[in-house]
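Engineer: mind folding the following:
(one chain, ligands or ions: 1)
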Amino acid sequence: MGHESSRFLITGGAGFVGSHLAEALLAQGHAVTVVDDLSTGRMENIAPLAGQPGFRFVIDTIENEVVMDRLAGECDTIVHLAAAVGVELVVHDPVRTIETNILGTRAVLQAAKRYGCKVLLASTSEVYGRGVRVPFSEEDDRVEGPTTKSRWCYAASKAVDEFLGLAYHRQYGLPVVIFRLFNTVGPRQSGRYGMVVPRFVRWAMEGEPLAVYGDGSQTRCFLHVADAVRAIAALAACPEAVGQVYNVGSTEEVSILELARRVLDRVDRWRAEQGLGGAPGQPASGARIRLIPYEEAYEAGFEDMQRRVPDTSKIRRATGWVPEKGLEEILGDVVGSMK
Ligand code: UDP
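Structural biologist: Residues are numbered from 1 along each chain as shown. Reported below is the predicted structural model:
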C-alpha cells in the first residue's frame, strides 16, 4: 500500500473497526469517504478526522440507493463494514440483524457492480458456528445451530453475505474479497453490544465484579484493531485476493476466566501507576469475578462456542500479514483509552 493512492468508501466507517481503518488509510495518503447511519457507529469516533484533506463523512443508511449510487461512482474500493454486530444486539434484535446484514450487503454489491468497484466484504468467525476442529480454516464446514436460537441468525446472515459477494464475483466478475474477523478489540470498542473486553475493563475500573458467562473455560483469540486494519489494507492491495475468503485473527488463545484475571491485573497495575490505590468499592468478599449462567446472560438454551482459533496461513501466504500486538498490549491500550 501507499504507492498509489485510491479513493475508499467505508460503510460503517464511524464504527469501531471502520474509524480505525479510515484513520490508517488517510495516513497512507488515500481519500476516504465514510458512510454511516450512526445506529451503532459514533460521531466521536471520526470527529478527529473531520477537516483532514481527503476525508468526507456522509450520514446515511447504505440502503439509500440514490446515495450509495453516487458514493460508489466516486470511489475505487468499498470496504463494507456496516452491519448489525454484537451478541447482545443479535439476540435481542434478530429482525434488525438479518435485515441490516443481508439487505445492506445487497445494496452495496449492487452499487459496486454499476461502477466496477472493488469490494472488501467484512465477515466473521461466527460463520464457523460451533465447529470443534480448531484452528478454523477457510474451507472448513460450517456447523451452525438451529433456527430456534436467535444467536445463529448472525452467522447465517453473514454466510449469506459471503455467498452473495462470491456470486457477484463469479457471475458478474466483480472484484470481491471476503475477510472473516475474529474477536477484534481495541480502543473505541463499545461494550454495549456484548463485546467482552471493553465490558471487563469498564467493570474492573469501576470496581464492579466481572461477569464471566458459563464456567469461563471457553476460549477466544483477541486481535488488536490496528492489526485488523493492516490486514484489510493489505488485502485491498493484493490482486490475488479477489474472489477469496480470508481469516483475520490472532492465534493467542485465552480462556475467558483467564482474560478476566488478566484484565483485573492490568487495571490494578494501571491504578498503581496512576497512584490511585485499590479499586473503588472493591467487594469485601474479594469476589471480583462472578460466574453467570448463559441462560441468565442471554436467552434460554443459549449456545456458546467453546474454542475459536483461526488458521491464518492463507492471508500470510497472500500478503505476508501476521498480527503484531499480543493480549498484554491490547489490554494496555484499552485501559489507557478508557479513563
Ligand atoms: N462474555 C462474558 N461476559 C460478558 C460478555 C461476554 O463472559 O460480559 C463471554 C462470552 O460468553 C463469550 C466470550 O466472552 O464466551 C466472548 O464474547 P463476545 O461477545 O465478546 O464475542 P463472541 O466471541 O461471543 O462473538
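Engineer: which stretches of the stretch 51-200 of the chain form strands?
Structural biologist: All strands of the stretch 51-200 of the chain, identified by DSSP state E, counting those that start in this stretch, fall at 55-59, 77-80, 118-124, 176-181, 184-185.
Engineer: ok, the stretch 201-339 of the chain next?
Structural biologist: Residue ranges of the strands in the stretch 201-339 of the chain, as given by DSSP E, counting those that start in this stretch, are 210-213, 219-221, 223-224, 245-248, 253-255, 289-292.
Engineer: pick the most buried one from the strands of the stretch 51-200 of the chain.
Structural biologist: Stretch with highest mean neighbour count among those: strand 77-80 (a mean of 27; mean count of other CB atoms under 10 Å). The way it works is simple: take the backbone N, C-alpha and C, and place the C-beta from them, glycine included.
Engineer: ok, back up a step: closest one to the ligand among the strands of the stretch 201-339 of the chain?
Structural biologist: Across these, the ligand has its closest neighbour in strand 210-213 (3.6 Å, CB to the nearest ligand atom).
Engineer: dump the strands of the stretch 201-339 of the chain to a markdown table, plus distance to Gly275 and mean pLDDT.
Structural biologist: Output for these, formatted as a markdown table (distance: least, CB to CB, whole Å; pLDDT from 0 to 100):
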| stretch | distance to Gly275 | mean pLDDT |
| --- | --- | --- |
| strand 210-213 | 23 | 97 |
| strand 219-221 | 33 | 98 |
| strand 223-224 | 28 | 98 |
| strand 245-248 | 39 | 98 |
| strand 253-255 | 29 | 98 |
| strand 289-292 | 25 | 96 |
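Engineer: so for Val35, which of those sits nearest?
Structural biologist: Closest to Val35 of the strands of the stretch 201-339 of the chain, according to CB to CB: strand 245-248, at 22.1 Å.
Engineer: what residues does the closest one touch?
Structural biologist: Under the criterion CB atoms under 8 Å, 6 or more residues apart in numbering, residues 123, 125, 136-138, 162, 166, 177-182, 184, 223, 228, 231-232, 235, 310-312, 314-315, 318, 321 lie in contact with strand 245-248.
Engineer: related to what we said a few turns ago, out of the strands of the stretch 51-200 of the chain, flag the one nearest Leu89.
Structural biologist: Each of the strands of the stretch 51-200 of the chain was scored for nearness to Leu89 using CB to CB, and the closest is strand 118-124 (13.2 Å).
Engineer: quick one on the thing from earlier: out of the strands of the stretch 51-200 of the chain, the one nearest Met305 is which?
Structural biologist: strand 118-124 (11.6 Å).
Engineer: specify the angle between the closest one and strand 176-181 in degrees.
Structural biologist: Angle of strand 118-124 versus strand 176-181, following axes from the mean of the first three to the mean of the last three CA atoms, to 10 degrees, is 30 degrees.
Engineer: sheet partners, orientation included, of strand 118-124?
Structural biologist: Strand pairing for strand 118-124, using DSSP bridges, gives strand 77-80 (parallel), strand 176-181 (parallel).
Engineer: got the CA positions of it in PDB?
Structural biologist: C-alpha atoms of strand 118-124 as PDB (Å, rounded to 0.1, in the frame of the first residue of the first chain):
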ATOM      1  CA  LYS A 118     -13.600  -3.500  -5.700                       C
ATOM      2  CA  VAL A 119     -15.400  -4.700  -2.600                       C
ATOM      3  CA  LEU A 120     -13.800  -5.900   0.600                       C
ATOM      4  CA  LEU A 121     -16.600  -7.500   2.500                       C
ATOM      5  CA  ALA A 122     -16.400  -8.000   6.200                       C
ATOM      6  CA  SER A 123     -17.500 -11.300   7.600                       C
ATOM      7  CA  THR A 124     -17.000 -13.000  10.900                       C
END
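Engineer: in the protein, which spans are helices?
Structural biologist: Using DSSP state H, the helices of the chain run over 16-27, 43-46, 65-73, 87-92, 94-115, 152-172, 196-206, 225-236, 256-273, 294-297, 313-319, 327-338.
Engineer: okay if I get those helices as TSV plus mean pLDDT and mean neighbour count?
Structural biologist: As requested, the helices of the chain are exported to TSV (pLDDT from 0 to 100; neighbours: other CB atoms under 10 Å):
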stretch	mean pLDDT	mean neighbour count
helix 16-27	98	23
helix 43-46	97	17
helix 65-73	98	16
helix 87-92	90	19
helix 94-115	97	19
helix 152-172	97	19
helix 196-206	96	21
helix 225-236	98	23
helix 256-273	96	18
helix 294-297	90	14
helix 313-319	98	16
helix 327-338	96	18
